[in-house]
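[1] prediction below, plus the sequence it came from.
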Amino acid sequence: MVTDIAQDERSNAAPQKEGAAIDIVSVTQAFRSGGKDLPVLDEVSISAKPGEFVALVGPSGSGKSTLLRLLAGLDRPLFGEVYVDGEPVRKPNPRHALVFQDPTLLPWRTVRENVAIGPEALGRLRDSQDRIDAALALVNLTEFADAWPAQLSGGMAQRAALARALVNDPSVLLLDEPLGKLDALTRRVLQGELLSLWEQRRFTALLVTHDVSEALVLADRIVVFSPRPAQVRDIIAVNLERPRDQSSAGFIALRERILGLLDADAAASGTDALHYETDATE
Ligand code: ADP
Ligand code: MG
């Protein structure tokens with residue numbers, strides 16, 4: 001990890017640079033579907049400070065993944081603009097990493113070779129070996145570096161996907177329900193690991209999750225989306241010390257408040273209000 005980080009630090013004015021600032025300004029997005037326009041995001045504005053951990057919860061199909069794709073530079077908004085460190089996002093950037101619900105590892109590559117994809121694409125494979133080792137160590141996969149994806153449990157595969165994102169030393173980590181398919185126990189373990197990764201690396205995190213408790217365990221602030229087309233229903237600051245005690249009165253009160261917001265919307269739109277209590281997937 002020595003070479004690239006040293007270079008990054010030289011080229012940056014602030015050597016102790018943490019994550020990047022995110023500014024989503026009045027973003028409206030729509031898709032053309034069945035001959036009609038499907039409005040998905042309606043003037044959504046969200047900001048995250050450098051190194052902040054923001055969670056995003058909202059109904060299925062409200063536009064959460066759509067927003068992450070805009071931040072990752074995979075799509076462009078119809079109106080409004082998305083900025084990272086003041087620069088409009090126009091294309092993907094390896095330092096703005098996106099982790100999906102499915103780990104999407106290449107089955108014909110070992111864990112290590114999967115983590116090496118980013119440096120390889122940047123033509124830096126040769127001088128990135130330390131960085132790859134460090135990423136594997138960060139997610140506790142050193143001993144599985146030479147394993148094949150098919151040999152991994154769900155949790156390990158998702159750790160490998162995280163390592164693949166972390167190897168590029170992201171200033172922004174976009175997480176699209178990354179723990180959504182894991183069993184409850186594994187999910188808890190990985191929540192702890194994600195927290196410690198963030199504490200060590202201080203990237204700016206934007207986590208989409210169905211699990212309100214997960215959002216409360218991890219985030220500094222929680223953005224609640226309305227049903228599609230998504231508007232920001234509320235933004236809730238989680239002023240609780242970490243590690244967070246899920247049985248504390250403060251935690252439970254915030255949980256009830258957020259579930260209340262989601263349930264009110266679900267009741268209004270006729271969808272299943274209990275959706276958020278469970279481990280529902282799409
Ligand atoms: P969420 O992640 O909140 O569940 P998405 O952002 O994936 O929701 O999708 C929001 C809505 O936009 C859904 O109705 C989905 O079908 C639609 N959508 C997403 N991507 C596209 C696309 N590329 N073309 C057409 N419709 C899309
Ligand atoms: Mg989604």
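    It's in. Ligands and ions are numbered 1, 2, ... in the order given.
[2] would you mind listing what in the stretch 151-282 of the chain touches ligand 1?
    With C-beta under 6 Å from any ligand atom as the criterion, the stretch 151-282 of the chain comes near ligand 1 at residues residue 228. All C-beta spots, glycine's among them, are computed from the backbone N, C-alpha and C.
[3] so where's the stretch 151-282 of the chain shaky on pLDDT?
    The stretch 151-282 of the chain contains residues with pLDDT under 70 at 271-282.
[4] what's the closest non-adjacent residue to the residue of it at minimum distance from ligand 1?
    For the stretch 151-282 of the chain, the residue positioned closest to ligand 1 under C-beta to the nearest ligand atom is residue 228, at a distance of 5.6 Å. Distance criterion C-beta to C-beta, 6 or more residues apart in numbering; nearest residue to residue 228, sequence neighbours excluded, is residue 62 at 4.7 Å.
[5] return the residues in contact with residue 240.
    Contact partners of residue 240, counting by C-beta atoms under 8 Å, 6 or more residues apart in numbering, are 216, 248, 250-251, 254.
[6] the chain: strands as residue ranges?
    Shown for the chain, the strands assigned by DSSP state E span residues 22-33, 36-48, 53-57, 79-84, 87-88, 96-99, 172-176, 204-208, 221-225, 232-237.
[7] for the last one, packing partners?
    Packed against strand 232-237 by the contact rule (3 or more C-beta pairs under 8 Å, 6 or more residues apart in numbering; DSSP states H and E) you find strand 36-48, strand 221-225, helix 249-269.
[8] repeat that for the longest one.
    Applying 3+ C-beta pairs under 8 Å, 6+ apart, we find strand 36-48 packed against strand 22-33, strand 53-57, helix 64-71, strand 79-84, strand 232-237.
[9] and among the helices and strands packed on strand 232-237, the most buried is which?
    strand 221-225 (a mean of 24; mean count of other C-beta atoms under 10 Å).
[10] direction included, what does that strand pair against?
    strand 53-57 (parallel), strand 232-237 (antiparallel) (DSSP bridges).
[11] for the spatially most central residue of the chain, list the residues it contacts.
    What sits nearest the mean C-alpha location of the chain, by C-alpha atoms, centre = their mean, is residue 175, with 1.7 Å. When contacts are counted by C-beta under 8 Å, 6+ apart, residue 175 is found next to 98-99, 194, 205-209.
[12] quick check: the gap between residue 194 and residue 162.
    The gap separating residue 194 from residue 162 is 8 Å, by C-beta to C-beta, to the nearest Å.
[13] which neighbours do those two share?
    residue 178.
[14] burial count for the nearest residue to residue 97 once chain neighbours are set aside?
    Excluding its sequence neighbours, the residue lying closest to residue 97 (C-beta to C-beta, 6+ apart) is residue 165, at 3.5 Å. A count of nearby residues for residue 165, using other C-beta atoms under 10 Å, gives 25.
[15] can you check residue 213 too?
    21.
[16] return the residues in contact with it.
    By C-beta under 8 Å, 6+ apart, the contact list for residue 213 reads 246, 255.
[17] distance of residue 75 relative to residue 30?
    Residue 75 is 11 Å from residue 30, where distance means C-beta to C-beta.
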